[in-house]
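Novice: using only what follows, build the 3D model:
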Amino acid sequence: MSSPAISTAADLVNAPLLYKGKVRELYDLGEHYLIVVTDRISAFDYVLEPAVPDKGNVLNRLSAFWFGKTQHLLENHVIHADVELLGDVVPEAHKPLLKNRVMVTRKAERIDIECVVRGYVTGGGWRQYEQSGEINGIKLPEGLRKNAKLAEPIFTPAAKNDVGHDEDISFAEMADKVGADLAEQLRSRSLELYAFARDYCEERGIMLADCKLEFGLVDGRLILIDEIFTPDASRFWAKEKYALDIEIDSMDKEPVRAYLAGSDWDKNSRPDPLPGHVVEETTRRYRDIYRRLTGYELE
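Specialist: Numbers count the residues shown, from 1 in each chain. As a prediction, the model looks like this:
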């Protein structure tokens, strides 16, 4: 049974709204931040209607799950994820609506690099490889096929842009932006985190094709921030669906992308509301990846 969809928390939280992203909303609690994960869904740079029930619930709980699993590798920004500890910030009447959708975090200085790790040649990495034989300046062997597993995962950063698309850059360009020492830390930590999550996923019949990670600094220390190993920040494939040379049906909002790609939408204007069956199938996907990764059904 899905919970009601939450498209915004602006009327549910007694704190200043600092930032409204495509999915997440950031509120100022003074010493800390409050992140609320909504059920909004985006594709092709548009936020779509309607919101997808349980999507935010899954994203927030999976992030909390992975932050707990990886804290031995690197500390993170999480203080807690319990709406009951927020007191008057969330009125009692609204707490059931925001249960499992909130995370109180430390305030970190965001590093404006999206740290992408790729274990397979797919997606944007495949498009780069087809054109140049490289991904982010990394020369790869000739003759690789779409979705092929790389001999070793590669680190392919992007410079973050709050408006528009992030920009793929080489490691050397990244080092110029953030400094050689920090760049090396980001690369080594990202590869280590990816390897840990990849092995965990493989034990559960899931392939972690690639992921994006974000980091920040607190008192000069590197920490993990934002979200981690969720369907919105990672490409998960069911082992039973893996194949070369095809577009693999990933375990995320693929029903939405497939519907829009097969419609007559021009991609230059806001699309019509999503059909009910697409929304329902997308909710089912998010609930399924949660169950397969954690071993628990969503409450």
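Novice: domain boundaries for this protein, per the record?
Specialist: Using the TED database, the domain ranges for the chain come out as 1-107, 109-241.
Novice: helix/strand/coil for the closest residue to E299 other than its chain neighbours?
Specialist: Nearest residue to E299, sequence neighbours excluded (C-beta to C-beta, 6 or more residues apart in numbering): N100, at 7.5 Å. Placement of C-beta: from N, CA and C, glycine included. Secondary structure for N100, judged by DSSP: H, G, I helix; E, B strand; the rest coil, is coil.
Novice: contact partners for N100?
Specialist: By C-beta atoms under 8 Å, 6 or more residues apart in numbering, N100 lies in contact with 57, 60-61, 81, 83, 299.
Novice: picking that back up, nearest to I248, of the domains of the chain?
Specialist: Distance to I248, taken as C-beta to C-beta, is lowest for domain 109-241 among the domains of the chain, at 5.2 Å.
Novice: how far does the closest one stretch from one end to the other?
Specialist: 40 Å (C-alpha to C-alpha, to the nearest Å).
Novice: with just CA atoms, put the longest helix along the chain into CSV.
Specialist: Across the chain, the longest stretch assigned as helix under DSSP state H is helix 180-202. Only the C-alpha atoms of helix 180-202 are listed here, as CSV (Å, rounded to 0.1, in the frame of the first residue of the first chain):
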residue,chain,number,x,y,z
ALA,A,180,45.8,17.9,-6.6
ASP,A,181,45.6,16.5,-3.1
LEU,A,182,41.8,16.9,-2.8
ALA,A,183,41.3,15.5,-6.3
GLU,A,184,43.3,12.4,-5.4
GLN,A,185,41.2,12.0,-2.2
LEU,A,186,38.0,12.3,-4.1
ARG,A,187,39.1,9.7,-6.7
SER,A,188,40.4,7.2,-4.2
ARG,A,189,37.4,7.5,-1.9
SER,A,190,34.9,7.3,-4.7
LEU,A,191,36.5,4.1,-6.1
GLU,A,192,36.6,2.6,-2.7
LEU,A,193,32.9,3.4,-2.0
TYR,A,194,31.8,2.1,-5.4
ALA,A,195,33.7,-1.2,-4.9
PHE,A,196,32.0,-1.7,-1.5
ALA,A,197,28.5,-1.1,-2.9
ARG,A,198,29.2,-3.1,-6.0
ASP,A,199,30.1,-6.2,-4.0
TYR,A,200,27.1,-5.8,-1.7
CYS,A,201,24.8,-5.4,-4.6
GLU,A,202,26.2,-8.5,-6.4
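Novice: and that helix, what does it pack onto?
Specialist: Using 3 or more C-beta pairs under 8 Å, 6 or more residues apart in numbering; DSSP states H and E as the contact criterion, the elements in contact with helix 180-202 are helix 55-70, strand 113-120, strand 149-155, helix 171-178, strand 206-218, strand 221-225.
Novice: rerun at 6 Å
Specialist: Under the contact definition 3 or more C-beta pairs under 6 Å, 6 or more residues apart in numbering; DSSP states H and E, helix 180-202 sits against strand 113-120, strand 149-155, strand 206-218.
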